[in-house]
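Colleague: Let me see the structure of the following:
(one chain, ligands or ions: 1)
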Amino acid sequence: SGSGTVTATPESQDVEYLAPISIGGQSIVMDFDSGSSDLWVFSTQLSATAQKGHTNFDTTKSTTFKTMTGAAFSISYGDGSGAAGTVGTDTVNIGGATVTGQAIEVATAVSSSFVSDTNSNGLVGLAFSKLNTVSPTQQKTFFDNAMATLAQPVFTADLRKGAVGSYEFGNIDSTKFNGSLSWAAVNTTTGFWQFSNSKFSVGTGATTATDGTQAIADTGTTLMLASSAIVTAYYSQVSGAANDASAGGITFPCTATLPDLNVDVGGNYMALVRGDDINYAPVDSTGTTCFGGLQATTNDPQIWGDIMFKSQFVAFNGGNNSIGMAPHQ
Ligand SMILES: Cc1ccc(-c2noc([C@H]3C[C@@H](O)CN3)n2)cc1F
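Modeller: The predicted model follows:
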C-alpha cells in the first residue's frame, strides 16, 4: 500500500545496486533486478559455509511467515549463477510500500558467486510474473502484488555512477530527472521490460538504423550489452579501442575521449548514454587500460543494464505496460 523509497547503493565498481527491504520484520539488503521475477533470500537453511558473511532470513523468527507446502524454486541468471530452495509467504516492506502474503523464496542452495558477493543477500525480481520460477504454482513479484494498492502502478530506478541513488514504488519524483519522461510501449510477451530499438547515433554523428533487435531494461546487469551494429560504430570513434581477449571484451586507453551514445527507445525518444558512463573501469591497478561499459551481444533482445541507468532515470509503468525515460537531474 502507499508508496516507498529506498536508497540504491552501488557495490564496488557499480557491479550491482543494493537496497534494504524488510521480510517478516527482518531487514535484509537485496539486489533489485528488473530482469528477473523471483524474490529469493539467503536463509538459515543454507549450509554454514554459504551463510557466512550474509544476512540470513530465519523463517522461525518471523511471526508472519507461512510455508507454501510443496512449493519450490530454482533460478539461473544470465551469467550462469543461480539459487534454489523452498517457498513461503510473508510481509514485505520496501521503504514503506507493503505487501502481505508476498512469496518468499527461501534459498537452500546458492551458487558460489552469490556466496562470495557478501553485500547482497538475495534478489528482488521486478520483471513480469510470467518469468517467476516457483513450481507447481507460479508466484507474483512484489511489484505485481503491490500495484493495486500503490498510489500509482509504477516503480522507478534512479541509479548513479559511483553514488547512492534510489528505487521508488508508487510515485514518480519529477525532481529526479530533466524535462519530462518519454514513454515507450513495452512488449510483454517475453516477460521482460522490453521495447523496440531501431536507430542510434554516436556523438554528433549521423543517425543510423540498427538491426532492429529489441532491448530490455535490466537493473541486474552491470554493463550495456548492445547489438554489434551499435557497438562497432561506437568504438570506431574511440582511438585505441579493441577487443581485448585477456580482459574479456572491448577496452581502450583510459585517456581516450568517449563520445556520447544516443539510442532510440520505442521509436520516439533518443536516450543519451554519456560517454563518461561508458568508461566502466580500469582493467587493472595501473589505470592504463579501461574496460568498456558498452559491449556487444548477439542476444535478442539486447540487455541494457546499469550503464544505461546511470545516464537515464527510468520509470516502469505496470498499469499500461510502458517504460519512461529522461536524463537524470
Ligand atoms: C552473483 C550474481 C549473479 C547474477 C546476478 C544477476 N542479477 O540479475 C542479473 C541479470 C541477468 C539476467 O539473468 C537477469 N538480470 N544477473 C546477480 C548476482 F549477484
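Colleague: Phi and psi next, for Thr59.
Modeller: According to degrees, to the nearest 10, the main-chain angles of Thr59 amount to phi -60, psi -30.
Colleague: OK, contacts around it?
Modeller: Thr59 sits next to Gly24, Ser43, Thr44, Gln45, Phe65, Thr67, Gly88, Asp90, Val106 when contact means Cβ atoms under 8 Å, 6 or more residues apart in numbering. C-beta: built from backbone N, CA, C; applies to glycine.
Colleague: same thing but at 6 Å, please
Modeller: Phe65 (Cβ atoms under 6 Å, 6 or more residues apart in numbering).
Colleague: Any figure for the gap between it and the ligand?
Modeller: Using Cβ to the nearest ligand atom, to the nearest Å, Thr59 is found at 22 Å from the ligand.
Colleague: Next to the ligand, which bits of the stretch 201-329 of the chain? Give me the list.
Modeller: Residues of the stretch 201-329 of the chain that fall close to the ligand, judged by Cβ under 6 Å from any ligand atom: Asp218, Gly220, Thr221.
Colleague: For the protein, which segments count as helices?
Modeller: All helices of the chain, identified by DSSP state H, fall at 48-51, 112-116, 142-147, 228-235, 275-278, 306-309.
Colleague: Identify the residue spatially nearest to the spatially most central residue of the chain, adjacent ones excluded.
Modeller: Centroid-nearest residue in the chain, with Cα atoms, centre = their mean: Thr219, separated by 1.4 Å. Distances taken as Cβ to Cβ, 6 or more residues apart in numbering place Ser34 nearest to Thr219, at 4.4 Å, with adjacent residues excluded.
Colleague: Any regions of this structure where pLDDT drops low?
Modeller: For the chain, the stretches flagged by pLDDT under 70 are 1.
Colleague: Can you get me a residue count around the residue in it that the ligand sits nearest to?
Modeller: Closest contact between the chain and the ligand, by Cβ to the nearest ligand atom, is at Gly220 (2.4 Å). Neighbour count for Gly220, taken as other Cβ atoms under 10 Å: 23.
Colleague: ok, it touching Phe32?
Modeller: No - assessed by Cβ atoms under 6 Å, Gly220 is found out of contact with Phe32, at 7.5 Å.
Colleague: Which one of the helices of the chain lies nearest to Asn262?
Modeller: Closest approach to Asn262 among these (Cβ to Cβ): helix 228-235, 10.1 Å.
Colleague: residues from the stretch 51-200 of the chain in reach of the ligand?
Modeller: Within the stretch 51-200 of the chain, the positions near the ligand by Cβ under 6 Å from any ligand atom are Tyr77, Gly78, Asp79, Ser81, Ser113, Phe114, Asp117, Ser120, Leu123.
Colleague: ok so, going back, could you dump the helices of the chain to TSV with mean neighbour count and distance to Phe169?
Modeller: Output for the helices of the chain, formatted as TSV (neighbours: other Cβ atoms under 10 Å; distance: least, Cβ to Cβ, whole Å):
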stretch	mean neighbour count	distance to Phe169
helix 48-51	14	29
helix 112-116	14	25
helix 142-147	22	6
helix 228-235	20	32
helix 275-278	20	25
helix 306-309	28	16
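Colleague: Any idea which of these gets closest to Ser182?
Modeller: Ser182 sits nearest to helix 306-309 of all the helices of the chain, at 14.0 Å, using Cβ to Cβ.
Colleague: got the contact list for the closest one?
Modeller: Asp14, Ala157, Leu159, Thr222, Leu223, Met224, Val273, Asp277, Gly293.
Colleague: now stretch 37-53
Modeller: Here stretch 37-53 makes contact (Cβ under 6 Å, 6+ apart) with 54, 56-58, 75, 83, 105-108, 110, 115, 118, 121-125, 127, 129, 131-133, 141-142.
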